[in-house]
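A.B. asks: show me the folded form of this:
(one chain, ligands or ions: 1)
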Amino acid sequence: MTSGNNMLEGKTIILGITGSIAAFKGADIASKLTRAGANVTVVMTEPACRFITPLTLESITGNQAVTSLWQETGGINHITLAEKADMVLIAPATASIIARLAGGFADDLLSCLVLATKSPVVIAPAMHTAMYENKLTGQNIQKLKECGFMIVEPGEGRLASGAYGKGRLADVEVIIGAVKLKLGVNGDLAGKKIVVTAGGTRESLDPVRYIGNRSSGKTGYEIAQAARNRGACVKLVTTAGLPGETVGMEVFEIEAAQDMLVTVRELVKDADCLIMAAAVADFKPEKPLSSKMKKSDRAVNIKLIPVPDILSEVKGKFLRVGFAAETENLEYNARLKMKNKDLDLVVANDVSGKGAGFGSDYNKVTLIYRDQTTKDYPLMAKSHVADILLDEIAGLF
Ligand code: CTP
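C.D. replies: Numbers count the residues shown, from 1 in each chain. You can find the predicted model right below:
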C-alpha cells in the first residue's frame with residue numbers, strides 16, 4: 001500500500017525549477033523525491049538552466065529534463081506532462097513565475113503545463129526579501145492560494161545578496177512534507193483527529209539541569225507524519241528541539257510530564273485517537289531548585305516522586321494506543337499495561353536489543369489488541385512501523 005510514509009512510491013511528480021540562485025537545491029529535491037520512489041520529470045525555465053544544467057537533473061531522476069514547449073519528447077510537452085502528473089511542484093519559484101501564474105499566462109512550458117493540469121500544485125517561492133515583501137508579489141501569492149495552489153512559505157536567513165531576511169527557499173524536508181500533505185489530503189484517515197505524543201519528557205532539577213531519557217522522538221514524528229500523509233488532522237505534543245518536519249500539523253511543545261498531561265487532556269476532548277509514543281518520565285524531583293545547584297564534594301540526595309500516568313489519567317471516547325518499552329517479559333508486561341491503562345492497542349518493543357528502539361531508525365515491534373490477538377513484525381524502519389500501525393488504526397476506526 002502506498003500511503004503514509006511511503007506514499008511517494010510510484011507517484012509522478014513534475015518538478016518545475018525556475019531561475020533563482022536556489023535552483024541548485026532543486027537537485028536535492030529531485031534526488032529525495034526519486035529516492036522515495038517517485039517518478040520525477042524536471043521542467044526547467046530558460047533562466048533556471050543558467051544556474052543548473054538539465055544534465056544534472058536527468059542524471060538524478062533518470063528522466064529527460066524538459067526545457068521548452070518545442071523540445072522533441074514524442075508528445076505535446078505541456079499537455080503530456082500536465083496529464084501524467086500526480087502533482088506539480090515548483091521549487092524554487094521566482095517572483096516572475098508566481099506573477100505569470102497569477103495572471104493566467106501561458107507563455108512558456110511551465111506556465112502552460114500548470115494551466116493545463118488538474119493535479120495539485122505546490123509552490124515554494126525563493127527571492128530577495130524586498131521582492132517577496134512587495135505588495136504585488138503578496139497579491140499574486142494570495143491569488144494563487146485562492147485558486148487552490150499550496151504555497152510553502154520561504155524561510156528567513158542569509159540571501160544571495162548577503163543581506164538577511166525572508167525569501168530563502170524553505171528547507172527541502174519541509175517542501176517534501178508539503179508535497180506529502182497535499183497528495184494525502186483525501187487519504188484513508190481524512191477527517192480523523194489524531195493526537196500524537198513524541199520525545200522524552202524532562203523533569204526539572206534546577207534551572208539548568210533536568211532528568212530526561214534517551215528517546216529521540218523518531219517514532220512519534222514518523223507516526224505523526226504518516227497520519228498527516230493519510231489526511232488526518234494531527235496534533236503533535238512533543239519535547240522542544242527534536243528534528244523532523246511538522247508541515248500541516250498543530251505542534252505543542254512541552255517540557256515535563258505534567259505539562260504533557262495538561263496539553264493532552266485538553267486536546268483529546270475532540271480527538272478520535274490518542275497515540276502515546278512519548279517516553280514519559282515516571283518520576284520527578286520532589287523539590288526542583290529555583291537557582292543552580294552548586295558543585296560540592298559531598299554526595300547529593302534527590303528525592304524523586306511519581307508523576308501522573310497520562311494514559312491512565314485521560315479518559316474519553318477516543319481510540320487509545322500506547323507503547324510498551326520493555327527489557328524483559330515483553331508480552332506479559334505489555335498486556336499488563338493494556339489492562340491497567342485501558343488501551344485498544346499496544347505497540348510492544350524490546351528496548352534492550354542493539355540496533356532497535358531508542359535512538360535507532362529501526363524497531364522490532366509486536367502489536368497487541370484488546371481481544372488478546374498479537375501480531376509480530378520483523379526488524380523494520382520506524383517509518384514502516386508507523387505505516388503498519390496506522391493501517392491497524394484505520395482498521396479499528
Ligand atoms: N505513559 C504515560 N504516562 C506516564 C508514563 C508512561 O502515559 N507517566 C505511557 C507511555 O507514553 C506509553 C505507555 O504509557 O505509551 C507505557 O510506557 P512505558 O514507559 O513502557 O511504561 P510505564 O507505564 O512507564 O511503566 P514501566 O516504566 O514500569 O515499564
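A.B. asks: use CA for all of it now, contacts and neighbours both
C.D. replies: Will do.
A.B. asks: which residues of the chain lie near the ligand?
C.D. replies: 276-282, 307-311, 322-325 (Cα under 6 Å from any ligand atom).
A.B. asks: again, only this time at 8 Å
C.D. replies: Residues of the chain found near the ligand (Cα under 8 Å from any ligand atom) are 197, 257, 275-283, 307-312, 321-326, 333-334, 337, 341, 346.
A.B. asks: and the residues you listed, which are buried?
C.D. replies: The neighbour-count criterion (16 or more other Cα atoms under 10 Å) marks 197, 257, 275-281, 307, 310-311, 321-326, 333-334, 337, 341, 346 among those as buried.
A.B. asks: for the ligand, what is the nearest residue in the stretch 51-200 of the chain?
C.D. replies: residue 197 (7.4 Å; Cα to the nearest ligand atom).
A.B. asks: helix, strand, or coil at that residue?
C.D. replies: strand (DSSP: H, G, I helix; E, B strand; the rest coil).
A.B. asks: give the contact list for it.
C.D. replies: Shown here is residue 197, whose contacts under the criterion Cα atoms under 8 Å, 6 or more residues apart in numbering are 220, 236, 237, 238, 275, 276, 277, 278.
A.B. asks: take those and keep only those in strands.
C.D. replies: Here DSSP state E is the test, and the contacts of residue 197 give 236, 237, 238, 275, 276 as lying in strands.
A.B. asks: ok, now which ones touch residue 8?
C.D. replies: The neighbours of residue 8, taking Cα under 8 Å, 6+ apart as the test, are 2, 33, 36, 37, 38, 180.
A.B. asks: got a pLDDT number for it?
C.D. replies: The per-residue pLDDT reported for residue 8 equals 95.
A.B. asks: now the residue nearest to residue 223 when sequence neighbours are not counted: how far from the ligand?
C.D. replies: With Cα to Cα, 6 or more residues apart in numbering as the measure, residue 386 is the residue that lies nearest to residue 223, at 4.7 Å, once sequence neighbours are left out. From residue 386 across to the ligand, the span is 14 Å (Cα to the nearest ligand atom, to the nearest Å).
A.B. asks: and the helix or strand containing residue 386, what's its mean pLDDT?
C.D. replies: When secondary structure is defined by DSSP states H and E, residue 386 falls within helix 382-396. The pLDDT scores in helix 382-396 average 94.
A.B. asks: how about stretch 161-175?
C.D. replies: Averaging the model's pLDDT scores along stretch 161-175 yields 92.
A.B. asks: circling back: how about the ones in strands among the contacts of residue 197 in TSV, adding pLDDT?
C.D. replies: Listed next are these as TSV, based on pLDDT from 0 to 100:
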residue	pLDDT
236	98
237	98
238	97
275	98
276	98
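A.B. asks: looking at those, which is nearest residue 57?
C.D. replies: Of all those, residue 236 has the smallest distance to residue 57: 35.4 Å, by Cα to Cα.
A.B. asks: so what's the closest one bridging to?
C.D. replies: Per DSSP bridges, residues listed as beta-bridge partners of residue 236: residue 196, residue 251.
A.B. asks: neighbours of it, just the number please.
C.D. replies: 25 (other Cα atoms under 10 Å).
A.B. asks: the one 5 residues further on too?
C.D. replies: Residue 241: 8 surrounding residues under other Cα under 10 Å.
A.B. asks: ok, residue 304 next?
C.D. replies: Counted with other Cα under 10 Å, the neighbours of residue 304 add up to 12.
A.B. asks: and the helices in the stretch 101-250 of the chain?
C.D. replies: When assigned using DSSP state H, counting those that start in this stretch, the helices of the stretch 101-250 of the chain occupy the ranges 109-116, 129-133, 135-146, 172-183, 218-229.
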